[in-house]
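Visitor: have a look at this prediction, sequence included:
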Amino acid sequence: MPVNYNIDLNKNVDNNLFKNKKDNFDKQYKQIQEYYCKAWSNLDAYHLLYKHSIENPCEFWDSQLNSIYWKVKPTSSFDTTNNKWCPNGISNICYNCVDRHAISNTSKVAIAWYGDDPKNRVEITYGQLLNLVQNIADLLIKQGVKKGDVVCLYMPNHYLSVAAMLACARIGAVHMVVFSGFSSEVLKKRLIKSKAKVILTMDKCSRGGKSIELNKLVNEACEAINKESKPSILVLNKDKVSINKINKEVPVEWLNNNDDGFILYTSGTSGKSKGVVHATLPYMLYISSTFKNIFDCNKDDVSFCTSDIGWITGHSYAVYAPLFWGLKIVLFEGTPLYPNPDRYWDIIAKEKVTIFYTAPTAIRSLQACDIKYVNNYDLSSLRILGSVGEPLNESARQWYFEEIGKKKLPVMDTWWQTETGGVVLAPIRNKDSQIPDITGFPFFGVKVEISPKNNQLIITNNYPGKYKYILNTDSKNPDNYYYTGDGAKYVDIKSKQQNYKAIKISGRIDDVINISGHRMSTTEFENALSNVDEIKETATVAIDHEMTGQAAVVFVVLKDNKIPKDTTELDKKITKNIRAAIGAIAKPHKIIYLEELPKTTTGKIERYKLREEAKNRESSSEKNIVEK
């Protein structure tokens, strides 16, 4: 059940709460924090407190500091003179995520891990997690790792991987997780760029029934690195590191507000990657605050975020934020469709998951499967549904709401990026205040604008989740403005009291098609085809056109993955749907059928590849349906 704070949201916030009463600091800020958390479920209360958080950002962030264990408490949340978060603060994210919970409730389950094989399940308590973290930290220290050194993790979605991340954080090492599905060539480049001292891996892992020889790939990557830069290789397995006893107690390395926490490369949709660096203490403040306020987490929740730890969602909301709050987390090594498309539902039922956070790609894949795979399981434990990675199209969102949420649960369709650290935009946590295909509102204390020039979403103030710098570039100490590269627009949402402007994400700004001066998002084309029975997935890109400036090329994947010899009737149906949804100006120039869309390992469509394919086909004899 949601936490009941007994706060009357129909009344104005008591402004006395926001006055600094040093003699009653803890009680004062705990009450303010409760107001903010509860307000995210009420449209009018949210806007009242959001306005206050923008006008008085330090007061909001000060109220969030109290949830963190501080070795030395910051003098304030933000030093406006030096542009620094948590000035003079000293803490450690590992201590906040593990030690304090192991001390207070050692037998509480911290991790329920499921392997690719449905028979494989391991349960780790907070006490055992502390043992495991210290044992891995001890191994790192024996390899000469010290504060500030980079440790690469080339590991699957495994409980040992989580412990390894926390072990790095414990001793002040900077971890860099590389997704275990990447090639040895990608791994090699990231090892060289980051100057990693040690690489942690496992012998192998399994994904979708296929075995991946991780250690072999690590050796291949390291063989291509010169001797002076070659990292030490440390292979972990469950027999090498005990969960039931400590080989040697490893003390916490207390970190200051400016110490680096981790490096994470973004794969992006442009074909280029960059190493994003986050400072550990401001990052901890942001992800703990967003998880509490947006997802209304409490100590009895069971959180299942399906993201791999190789991505920012896995860092922030599969590992750090839920462990920070002392929750039980569910970790899954496999894929949702193997061996049957019921793995998520089976796990949710068994673990009584309350918060489920997944990606639109997974939702659409499961939507295409027989509904019996959902109906075979009791999903009544769920109270919050989430989505992240790209805009959730209306058809998939409706299926998620109706079939998984049984029309009772809010769908938190969130927007954020590796650079932002945590959620920036989210809908109100109330199903009656949500509108499909609308992302929602900015998080407290985060100010956003939409550029009138190109409709780009811009974050215009400083906040603790923002990246510290980009590795191997001059992009250190970035200014307050962060240009997200995503297009957006305002949409009016009405409450009982007044109208508000929500934000709708339309995709990357380079995913806008300008046909005869009419600017249309590729998402509009894709949403127009979401209810065509034959279609499993679509993507639209722009190409140059002599007459109209640009033209739309629609790529289509059919549900049966069989491309018919004659697509004339289906072409007409697709064109009709697009014209009906957008207008005659949006008539596609070309329709191309594929067996699958090119995607990054996070499920984002690689549109730059589709643009190249569209250009290549434009010069071929492929038919242009606009000429029919």
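Guide: Done, it's in.

Visitor: I348 looks like it's in a helix, true?
Guide: Yes. The assignment for I348 (DSSP: H, G, I helix; E, B strand; the rest coil) places it in a helix.

Visitor: show me what contacts it?
Guide: Taking Cβ atoms under 8 Å, 6 or more residues apart in numbering as the criterion, I348 is in contact with F304, F356, Y377, L379, S381, L382. Where you see a C-beta, it was placed from the backbone N, CA and C, and this is true even at glycine.

Visitor: I470: neighbour count?
Guide: Neighbour count for I470, taken as other Cβ atoms under 10 Å: 17.

Visitor: could I get the phi/psi values of it?
Guide: Backbone torsions of I470, given as degrees, to the nearest 10, read phi -100, psi 130.

Visitor: I'd like to know which of the contacts of I348 are buried.
Guide: F304, F356, L379, S381, L382 (16 or more other Cβ atoms under 10 Å).

Visitor: count of residues packed around the closest residue to the first one other than its chain neighbours?
Guide: Which is F304. Distance criterion Cβ to Cβ, 6 or more residues apart in numbering; nearest residue to F304, sequence neighbours excluded, is V330 at 4.0 Å. Number of residues near V330 (other Cβ under 10 Å) recorded here: 26.

Visitor: begin at 526 from here
Guide: New numbering, starting at 526: the last item is V855.

Visitor: need the three-state assignment for V855.
Guide: Under the three-state scheme (three-state DSSP), V855 adopts strand.

Visitor: on that earlier part again, turn the contacts of I873 into JSON lines, including pLDDT and distance to K1101.
Guide: Formatted as JSON lines, those follow (pLDDT from 0 to 100; distance: Cβ to Cβ, whole Å):
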{"residue": "F829", "pLDDT": "98", "distance to K1101": "40"}
{"residue": "F881", "pLDDT": "98", "distance to K1101": "36"}
{"residue": "Y902", "pLDDT": "98", "distance to K1101": "38"}
{"residue": "L904", "pLDDT": "98", "distance to K1101": "37"}
{"residue": "S906", "pLDDT": "98", "distance to K1101": "43"}
{"residue": "L907", "pLDDT": "98", "distance to K1101": "38"}
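
Visitor: just the ones of those residues in helices?
Guide: For the contacts of I873, membership in helices holds for none, with DSSP state H as the criterion.

Visitor: just send those residues back as JSON lines, with distance to G1032 too.
Guide: Below are the contacts of I873 laid out as JSON lines (distance: Cβ to Cβ, whole Å):
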{"residue": "F829", "distance to G1032": "27"}
{"residue": "F881", "distance to G1032": "24"}
{"residue": "Y902", "distance to G1032": "33"}
{"residue": "L904", "distance to G1032": "30"}
{"residue": "S906", "distance to G1032": "34"}
{"residue": "L907", "distance to G1032": "28"}
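
Visitor: between those, which sits nearest V973?
Guide: The shortest distance between V973 and any of the contacts of I873, using Cβ to Cβ, involves F881 and amounts to 26.6 Å.

Visitor: doesn't I909 make contact with that closest one?
Guide: Yes. Under the criterion of Cβ atoms under 8 Å, F881 lies in contact with I909, with a separation of 7.2 Å.

Visitor: in a markdown table: the buried ones among the contacts of I873, plus distance to K1129.
Guide: Output for those, formatted as a markdown table (distance: Cβ to Cβ, whole Å):
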| residue | distance to K1129 |
| --- | --- |
| F829 | 21 |
| F881 | 20 |
| L904 | 27 |
| S906 | 30 |
| L907 | 26 |
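
Visitor: between those residues, which is nearest T1065?
Guide: Relative to T1065, the closest of those is F881; by Cβ to Cβ it sits at 29.4 Å.

Visitor: and the pLDDT at A1067?
Guide: The predicted structure scores A1067 at 89 on the pLDDT scale.

Visitor: kindly report the same for S1020.
Guide: We note a pLDDT of 75 for S1020 in this prediction.

Visitor: against W638, how distant is it?
Guide: Distance, S1020 to W638, using Cβ to Cβ, to the nearest Å: 42 Å.

Visitor: who's more crowded, those two?
Guide: Shown here are S1020 and W638; by other Cβ under 10 Å, W638 has more neighbours (20 against 15).

Visitor: go ahead and confirm that one touches L657.
Guide: No. Using Cβ under 8 Å, W638 is not in contact with L657, being 11.7 Å away.

Visitor: intersection of neighbour lists for those two?
Guide: Common neighbours of W638 and L657 are listed as I649, Y684 (criterion: Cβ under 8 Å, 6+ apart).

Visitor: residues near Y863, how many?
Guide: Other residues within reach of Y863, judged by other Cβ under 10 Å, total 16.

Visitor: A strand includes it, no?
Guide: No. Going by three-state DSSP, the assignment for Y863 is coil, not a strand.

Visitor: with adjacent residues omitted, what lies nearest to it?
Guide: Using Cβ to Cβ, 6+ apart and skipping residues adjacent in sequence, the residue nearest Y863 is G733, 4.6 Å away.

Visitor: again with Q589
Guide: S814 (4.4 Å).

Visitor: show the pLDDT at the closest residue to S1020 other than its chain neighbours.
Guide: Ranked by Cβ to Cβ, 6+ apart and with sequence neighbours excluded, the top spatial neighbour of S1020 is L568, at 4.2 Å. According to the prediction, L568 has pLDDT 91.

Visitor: now for L568: which residues touch it?
Guide: Under the criterion of Cβ under 8 Å, 6+ apart, the contact list for L568 reads I953, N955, S958, I1018, S1020, Y1025.

Visitor: outline the domain layout of this protein.
Guide: Per the record, the chain has its domains at 540-610, 615-966, 1041-1152, by automatic domain parsing.

Visitor: most tightly packed of the ones you listed?
Guide: Mean neighbour count, computed with mean count of other Cβ atoms under 10 Å, is highest for domain 615-966 among the domains of the chain, reaching a mean of 20.

Visitor: and that domain, how far apart are its ends?
Guide: The stretch domain 615-966 measures 32 Å between its terminal residues, going by Cα to Cα, to the nearest Å.

Visitor: for that domain, the distance to its chain's centre please.
Guide: The gap between the average C-alpha position of domain 615-966 and the chain average comes to 10 Å, counting by Cα atoms, centre = their mean, to the nearest Å.

Visitor: list the helices and strands the helix or strand harbouring R1142 packs on?
Guide: Secondary-structure element containing R1142, defined by DSSP states H and E: helix 1132-1143. With contacts defined as 3 or more Cβ pairs under 8 Å, 6 or more residues apart in numbering; DSSP states H and E, helix 1132-1143 has these neighbours: strand 1060-1070, strand 1074-1083, strand 1115-1119.

Visitor: give the helix, strand or coil label for the closest residue to T605 other than its chain neighbours.
Guide: Excluding the flanking residues, the one nearest T605 by Cβ to Cβ, 6+ apart is C583, at 7.5 Å. Assigned state for C583: helix (three-state reduction, three-state DSSP).
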